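Colleague: Mind folding the following:
(one chain, ligands or ions: 1)
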Amino acid sequence: MKIAIIGAGDVGGTLAKRFEEVGHRVFLGVRDENKPKVKRLLSKNISAHSISEAVKNADVIVTAADPRATKEIAKHMGDISGKVIIDVMNAFRGVPKPYGTTTEALLAYTNTKDIVRCFNTTGFKNMENPIYKGEKIDMFVGGDSTRGKKIATKLAKQIGFGKIYDLGGNESFILMEQIVIVWVELSKILGRDIAIKILQR
Ligand SMILES: NC(=O)c1ccc[n+]([C@@H]2O[C@H](COP(=O)([O-])OP(=O)(O)OC[C@H]3O[C@@H](n4cnc5c(N)ncnc54)[C@H](OP(=O)(O)O)[C@@H]3O)[C@@H](O)[C@H]2O)c1
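Modeller: Down below sits the predicted model:
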């Protein structure tokens with residue numbers, strides 16, 4: 001797959017490396033291609049571009065930047081009809097008002113309806129290594145786009161997550177924001193080496 005990742009921070013950088021490892025081509029969409037943090041990520045299948053160039057090259061776009069920049073990023077993306085967005089952003093640093101989540105804001109600001117949420121419910125270290133004592137941890141996906149959820153599920157499985165639970169349509173975006181709040185609160189007590197795994201009798 002050709003994947004554009006917007007943001008090359010903890011999440012964007014981690015997912016870029018993981019997607020490359022499982023055979024994908026990654027186009028980082030960044031503000032400054034010459035930043036040392038960005039340059040360190042470059043390799044045979046990871047290159048850095050402006051946001052508009054990165055999304056032009058890709059079929060799937062992963063948004064992993066500062067949530068306060070959602071509107072600006074959408075503007076830079078331009079025409080992305082037919083492309084899938086997987087939104088990994090949480091709005092801790094600021095809800096993109098009047099929307100409750102970055103995903104709803106992206107639906108309003110871009111011209112693709114294939115926008116889903118995935119990977120946002122856990123810490124970036126768990127994206128780097130989703131295996132605990134031989135057990136694969138779980139992941140969640142949500143959104144109206146069946147096509148988007150299929151792609152996000154495939155990527156999550158490829159990088160090592162266990163079960164990928166479909167939490168429903170666009171109404172699940174806020175629930176997925178709440179799941180990460182549970183994870184963050186628990187991590188304050190237990191540290192960040194924790195993950196969510198659903199048990200079924
Ligand atoms: N950290 C986690 O464990 C985790 C887990 C799940 C979800 N998330 C969510 O994922 C998102 C990213 O988190 P992070 O931890 O990766 O943050 P981070 O390390 O601070 O990285 C943020 C990235 O956003 C970019 N950015 C900021 N403003 C931008 C703009 N106007 N246009 C384009 N890019 C811009 C930054 O680029 P510059 O270098 O140019 O500033 C940087 O690459 C957040 O919404 C966070 O809540 C984080």
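Colleague: Now residue 128: closest residue in space that isn't a chain neighbour?
Modeller: Spatial nearest neighbour of residue 128, chain neighbours left out: residue 14 (5.1 Å); criterion: C-beta to C-beta, 6 or more residues apart in numbering. Yep, even glycine has a C-beta here, placed from its N, CA and C like the rest.
Colleague: any idea how far residue 143 is from that neighbour?
Modeller: Using C-beta to C-beta, to the nearest Å, one obtains 22 Å as the distance from residue 14 to residue 143.
Colleague: what about those two, which has more around it?
Modeller: residue 143 (30 against 23; other C-beta atoms under 10 Å).
Colleague: show me the contacts for the more buried one.
Modeller: 103, 115-117, 149, 169-170, 172-173 (C-beta atoms under 8 Å, 6 or more residues apart in numbering).
Colleague: what's the closest of those residues to residue 67?
Modeller: residue 103 (10.1 Å; C-beta to C-beta).
Colleague: Neighbour-wise, which one of the contacts of residue 143 leads?
Modeller: residue 117 (33 neighbours).
Colleague: returning to what we had before: the residue nearest to residue 128 and the ligand: what is the separation?
Modeller: 8 Å (C-beta to the nearest ligand atom, to the nearest Å).
Colleague: again with residue 81
Modeller: Taking C-beta to the nearest ligand atom, one finds residue 81 at 21 Å from the ligand.
Colleague: quick one, what contacts that residue?
Modeller: The contact partners of residue 81, by C-beta under 8 Å, 6+ apart, come to 111-112.
Colleague: Return the backbone torsion pair for it.
Modeller: phi -60, psi 140 (degrees, to the nearest 10).
Colleague: Show me what the mean pLDDT comes to for stretch 8-16.
Modeller: In this model, stretch 8-16 has a mean pLDDT of 98.
Colleague: can I get the CA coordinates of it in PDB?
Modeller: Provided in PDB are the C-alpha atoms of stretch 8-16 (Å, rounded to 0.1, in the frame of the first residue of the first chain):
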ATOM      1  CA  ALA A   8       6.500  12.600  12.100                       C
ATOM      2  CA  GLY A   9       6.300  12.700  15.900                       C
ATOM      3  CA  ASP A  10       6.100   9.700  18.300                       C
ATOM      4  CA  VAL A  11       3.000   8.200  16.600                       C
ATOM      5  CA  GLY A  12       3.800   9.200  13.000                       C
ATOM      6  CA  GLY A  13       7.400   8.100  13.200                       C
ATOM      7  CA  THR A  14       6.500   4.800  14.900                       C
ATOM      8  CA  LEU A  15       3.800   3.900  12.400                       C
ATOM      9  CA  ALA A  16       6.000   4.800   9.500                       C
END
